[in-house]
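Have a look at this fold, sequence not included:
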Ligand SMILES: [Ca+2]
């Protein structure tokens, strides 16, 4: 007896898992119909996108052009300002050069004035000598008649020495030249002394060595005025190493005020005599 195996399943249906042939051909036909529209839509979208990008790019380029244009204008303004500043500098240079020339002219004029002042003093001295001769040596000559190298102030003549002497030798030098160490009484005379002493030390005719009290060289008492002394002076200091005694003689300090000092110290000195 033969047993036959029978399979009633259709061979084609068993191996073919996809859709039926009729369905696939329908989809293909649909795709073929839609393809032009899809392509056109894609091109349209691409065109729109490119157009938008181009628009943005154009806008950016325009902004950059504007920026470059603004920078060019700014550079032009800076160049103009620089040129103006250079012109101002040139004008300033010219002004400084002119001012220098004027200062040189003024300096020359001052030198000539100084020369004239010296000549004037020489003439005054010569006039003084002539008047003395005319008056047979009489001292009653005109006001302001001072010897050469002496300065006239008020009704007196003053000699600011350049040499250095002790107070006593300075006193004797002044006495030998028909004068005395300066006796300063008025505020105007103090101002004159301060102005003319030019920051140097000068002996004046003030001492306390004779009586222990301050007096002028003509032995008139000195009325103490602290305003005319440096702070803390007179201090009769003794540790100066110049021998015995303390500071008995007065001199004008660099600030125009008085200080007491050992009389043997060698300083410049100021003589005074009536004109
Ligand atoms: Ca002193």
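Arrived safely, thanks for sending. Predicted model, so just to flag it, every value in this text is computed and none were measured.

in what helix or strand does the residue nearest the centre of the chain lie?
For the chain, the residue whose C-alpha lies nearest the mean C-alpha position (CA atoms, centre = their mean) is residue 96; its distance is 17.0 Å. Secondary-structure element containing residue 96, defined by DSSP states H and E: helix 21-134.

cool, residue 204 as well?
strand 202-207.

Quick check: buried residues in stretch 114-133?
Using 16 or more other CB atoms under 10 Å as the burial criterion, the residues of stretch 114-133 that qualify are 121, 124-125, 128. The way it works is simple: take the backbone N, C-alpha and C, and place the C-beta from them, glycine included.

residues in the protein within reach of the ion, list them.
Taking CB under 5 Å from the ion as the measure of proximity, the chain contacts the ion at 233, 235, 237, 247, 259-260.

thinking again about what came up before, mind giving me the packing neighbours of the strand holding residue 204?
helix 167-175, strand 180-181, strand 215-216, strand 249-252, strand 268-274 (3 or more CB pairs under 8 Å, 6 or more residues apart in numbering; DSSP states H and E).

tell me the contacts of the residue nearest to residue 171 when sequence neighbours are not counted?
If the residues on either side of it in the chain are set aside, residue 171 comes closest to residue 181, at 5.2 Å by CB to CB, 6 or more residues apart in numbering. For residue 181, the contacting residues are 167, 170-171, 174, 203-206, 217, 269-272, by CB atoms under 8 Å, 6 or more residues apart in numbering.

Nearest to residue 145, out of those residues: which one, please.
Proximity of the contacts of residue 181 to residue 145 was ranked by CB to CB; the top entry is residue 272 with 14.7 Å.

hey, what's the residue nearest to residue 162 when sequence neighbours are not counted bridged with?
Residue nearest to residue 162 in three dimensions, not counting chain neighbours: residue 268, with 6.6 Å by CB to CB, 6+ apart. Listed beta-bridge partners, residue 268: residue 202 (assigned using DSSP bridges).
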